[in-house]
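Engineer: Provide a 3D model corresponding to the input given below.
(one chain, ligands or ions: 2)
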Amino acid sequence: MRRLQTEEDEEEESTELAMPGETRARVLLPSKPGRKRRRAFKSKSHDRAHQISTMATAAAASLYSSVKPSITHVVFDMDGLLLDTEIFYSEVQEKILARFGKTFDWSLKPKLMGRKAIESAKIFVEEMGIADQLTPEGFLEEREGMLQHMFPDCKEMPGVKRLITHLHANGVPMAVATGSHKRHFALKTQNHGNIFAMMHHVVTGDDPEVKKGKPSPDCFLVAARRFETNVDPSNVLVFEDAPVGVAAAKNAGMYVVMVPDPKLDASYQKDADEVLTSLLDFNPSNWGLPPFQDAKN
Ligand SMILES: O=P(O)(O)OC[C@H](O)CO
Ligand SMILES: [Mg+2]
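Structural biologist: Ligands and ions are numbered 1, 2, ... in the order given. This is a model prediction of the structure:
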C-alpha cells in the first residue's frame, strides 16, 4: 500500500509529486530490491504540500506506469562510477597532507570528487588549512607524478562491462562526461578500451565547450548535443557517483542514477532519482530500457 509523506521522512522508498514551481510531496513506493528512489517531478518551494495531497494520492495508484521517463540516451560519469579511480585521488591527498602533519578527512571528499582538477585543488588546500603553504597549482603539480603512476592500474567498477555491453547490444547510444582532463582520461582508460569503444563520444573536463565543471550542467549538455540526433535532456539518463555530478545532471534537466561510495553520507544522495549500491543492481526496465537477459534484473 502506498502512502503520502513529506520529504522529511527518508526511511522508505518514495517518489515525489509536485505542482510546477510550487511544492513537493513524497509518495512512498512498494519495496524493491536494493535502495532505490524514483521521483516524478521536482520544484523549489515546500509550502503547499497539503494542497497537492489529493492529486498525489490519486496519481500514486498508477505511479510506476505513468511517470516512467522515456530514456533514449545514457551518459556515464567516469571516475568512481565506471573506473575505481577515486581511491587514487584520496591516497595522493593523504600522502601530501602527511607532509603537513595532517590527515585526510573523508567528510571533505564529497566536496572534491567529480570537480575539475583546479576547482577541486582550490577547495582542498583551503579546507585543509594549507593554502598559505601550498597553492592549488602546487598541489596539482605535486600529485601529478603519483597519479600518472597509479592511473594505468585502475579497475572497472562492478557491473560496468555487463551494463555497457547490454546497452550497446541493444542500440542505446551512450557517452561519457567526466571532469577528468583528456591526458588523465588516456592514462585511466588505456586498459579498458573495450568499454570506452562502445561510447558514441567522450566529453572531458578540459573540453573547450565545457566552460564550468560539475555542478554546472555544461559537460552533460555538451554530451547530449554530440549524439547523432538532437536529444532532449529529459530523455537522457546519467549515471554518477559524486554529489556535484548528480547536481550537474539535475541542472541539465536529466534523470540521474547515483552509485555512491559506501562511505558517502546518505544526506548527499537526496537529489538522485535512483540510488544503487552497485551497477549490478540496475534494472533497465525501471527506465524503459531493454531488460537484461541474464538472471539478475
Ligand atoms: O568523476 P569524474 O569522471 O567527473 O572525474 C572527476 C575527477 O577527475 C575526479 O574526481
Ligand atoms: Mg565520478
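Engineer: So which bits of the stretch 151-297 of the chain are right by ligand 1?
Structural biologist: Proximity of the stretch 151-297 of the chain to ligand 1 (C-beta under 6 Å from any ligand atom) is limited to residues 178-180, 242, 245. Quick note: C-beta positions are derived from backbone N, CA and C, even for glycine.
Engineer: now, which of those sits nearest ligand 2?
Structural biologist: Relative to ligand 2, the closest of those is Ala242; by C-beta to the ion it sits at 4.5 Å.
Engineer: How many neighbouring residues does the residue lying closest to the closest one once chain neighbours are set aside have?
Structural biologist: Distances taken as C-beta to C-beta, 6 or more residues apart in numbering place Gly114 nearest to Ala242, at 3.0 Å, with adjacent residues excluded. For Gly114, the number of neighbouring residues by other C-beta atoms under 10 Å comes to 31.
Engineer: was I right about Gly114 contacting Asp77?
Structural biologist: Yes: in terms of C-beta atoms under 8 Å, Gly114 counts as a neighbour of Asp77; the distance is 7.0 Å.
Engineer: returning to what we had before: turn the residues of the stretch 151-297 of the chain next to ligand 1 into JSON lines, including distance to Ser90, secondary structure and pLDDT.
Structural biologist: Conversion of these to JSON lines gives the following (distance: C-beta to C-beta, whole Å; DSSP: H, G, I helix; E, B strand; the rest coil; pLDDT from 0 to 100):
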{"residue": "Thr178", "distance to Ser90": "17", "secondary structure": "coil", "pLDDT": "98"}
{"residue": "Gly179", "distance to Ser90": "16", "secondary structure": "coil", "pLDDT": "97"}
{"residue": "Ser180", "distance to Ser90": "15", "secondary structure": "coil", "pLDDT": "97"}
{"residue": "Ala242", "distance to Ser90": "13", "secondary structure": "coil", "pLDDT": "98"}
{"residue": "Gly245", "distance to Ser90": "17", "secondary structure": "helix", "pLDDT": "98"}
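Engineer: Neighbour count for those residues - can I get that in TSV?
Structural biologist: As requested, these are arranged in TSV below (neighbours: other C-beta atoms under 10 Å):
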residue	neighbour count
Thr178	30
Gly179	27
Ser180	25
Ala242	28
Gly245	31
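Engineer: Ligand 2 next: which of those are close?
Structural biologist: With C-beta under 5 Å from the ion as the criterion, these include Ala242 near ligand 2.
Engineer: Just name the closest of the residues of the stretch 151-297 of the chain next to ligand 1 to Asn194, please.
Structural biologist: The shortest approach to Asn194 among those belongs to Thr178, at 17.7 Å (C-beta to C-beta).
Engineer: residue contacts, that closest one?
Structural biologist: Thr178 makes contact with 77-79, 185, 202-205, 219, according to C-beta atoms under 8 Å, 6 or more residues apart in numbering.
Engineer: before we move on, back to that, between Gly114 and Asp77, which contacts overlap?
Structural biologist: Any residue near both Gly114 and Asp77 by C-beta under 8 Å, 6+ apart counts here, and that gives 240-242, 245.
Engineer: Let me know the closest of the residues you listed to Gln190.
Structural biologist: Using C-beta to C-beta, Asp241 is the member of the shared contacts of Gly114 and Asp77 that sits closest to Gln190, with 21.1 Å.
Engineer: Check what pLDDT the closest one gets.
Structural biologist: Predicted confidence (pLDDT) for Asp241: 98.
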